[in-house]
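**Student:** Everything below, folded, please.
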Amino acid sequence: MSMIFRFVAFSFVLLTAAFWLVSSTTLLPALAGEAIRLHLSYLPQRLTETSGRQYDLLLDELLDGADVEVVRLVAPLKRTTALFKSDPGSCVFPANVVALNMGDKVSEVMALETVDVVSLRLYTTRKQETGADLNDFAPERVGYIRGSGAIHLLGPKADRFLAINSEEQLIAMLELGRLDAFLGHHPDTALALDKLGKPNALFASPHAFRNLRFPVSFVCHDTKAGHLLKRVLDPRILTLRESGHLRQILGRHAEFPSSQDPEETVN
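**Tutor:** Predicted coordinates:
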């Protein structure tokens, strides 16, 4: 009886050991190498994940061969912002901490190295003086791109502006007289005008409207995953910038930080 008992016990030990060996080989990689969720805003002129546009090329350049696993999740601008805010441990691109409007949670996110700058421009069908202002137009006759993070900075009248789905629609509505002006993101609007073959069809404010220039970067929740992505991507972004390759990727309309730009408030 004792011999049988020892055999059964020994068999049980072997089976248990085998189970844990198999379990550890299947579970450990998932725990050690869990992918970072990167929420991406679909921008028809710059990021689609299928068309090889500027930010598409940049993402491939930064992430291919990087020592980190990233899941890229693309959605419309407004939805991407909401998904990022509700997804602790994730990151978002392209983004700006101020434009994300994080409220009392602003200290819980961090900006990575700046990629480029997006500025807000006022577009009309007539040439503007440097001091052109929104007060020149009825709010109901001013458009902007749906999901723009800059609009909440423009005061209470902004609630009466018209949210439009794309740059092409904004351009067409202005040309048809259905809008008197629109607030467009540069370089996105310039790229849309080029795509339509109408680079000089509209007039843009010669400088960033109300000096609204937003450093664009990856923004992450302040977690281990966020710090990992920062350690991996910051040196790569700096190398691309210093070599001039970043400007080549982002094209002739791209803007970059200047000494007059305010620094991001969260790092």
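**Student:** how about the helices in the stretch 1-150 of the chain?
**Tutor:** 2-32, 54-63, 77-85, 97-100 (DSSP state H, counting those that start in this stretch).
**Student:** ok, now the stretch 151-267 of the chain?
**Tutor:** Going by DSSP H, counting those that start in this stretch, the stretch 151-267 of the chain shows helices at 167-175, 188-195, 224-243, 245-250.
**Student:** returning to that earlier point: looking at the helices of the stretch 1-150 of the chain, which has the lowest confidence?
**Tutor:** Of all those, the minimum mean pLDDT falls on helix 2-32 (a mean of 39).
**Student:** Residue 108 is nearest to which of the helices of the stretch 151-267 of the chain?
**Tutor:** Closest to residue 108 of those is helix 224-243 (C-beta to C-beta; 9.9 Å). Placement of C-beta: from N, CA and C, glycine included.
**Student:** any chance of the helices of the stretch 151-267 of the chain in CSV, plus mean neighbour count, mean pLDDT and distance to residue 76?
**Tutor:** Below are the helices of the stretch 151-267 of the chain laid out as CSV (neighbours: other C-beta atoms under 10 Å; pLDDT from 0 to 100; distance: least, C-beta to C-beta, whole Å):
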stretch, mean neighbour count, mean pLDDT, distance to residue 76
helix 167-175, 19, 95, 14
helix 188-195, 20, 94, 14
helix 224-243, 16, 97, 23
helix 245-250, 16, 97, 22
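**Student:** Out of those, which is closest to residue 113?
**Tutor:** Of all the helices of the stretch 151-267 of the chain, helix 224-243 comes closest under C-beta to C-beta, at 4.3 Å.
**Student:** What is the closest one packed up against?
**Tutor:** Packing contacts for helix 224-243, counted by 3 or more C-beta pairs under 8 Å, 6 or more residues apart in numbering; DSSP states H and E, involve strand 36-42, helix 54-63, strand 91-95, strand 109-111, strand 213-221, helix 245-250.
**Student:** Quick check: the spatially most central residue of the chain vs residue 146, distance?
**Tutor:** Nearest residue to the geometric centre of the chain (C-alpha atoms, centre = their mean): residue 94, 1.7 Å. In this view, residue 94 and residue 146 are 16 Å apart by C-beta to C-beta, to the nearest Å.
**Student:** And for residue 170?
**Tutor:** 10 Å.
**Student:** Identify the contacts common to the two.
**Tutor:** Shared contacts of residue 170 and residue 146 (C-beta atoms under 8 Å, 6 or more residues apart in numbering): residue 164.
**Student:** okay, now the domains of this protein?
**Tutor:** Under automatic domain parsing, the residue ranges defining each domain of the chain are 36-117+214-250, 119-211.
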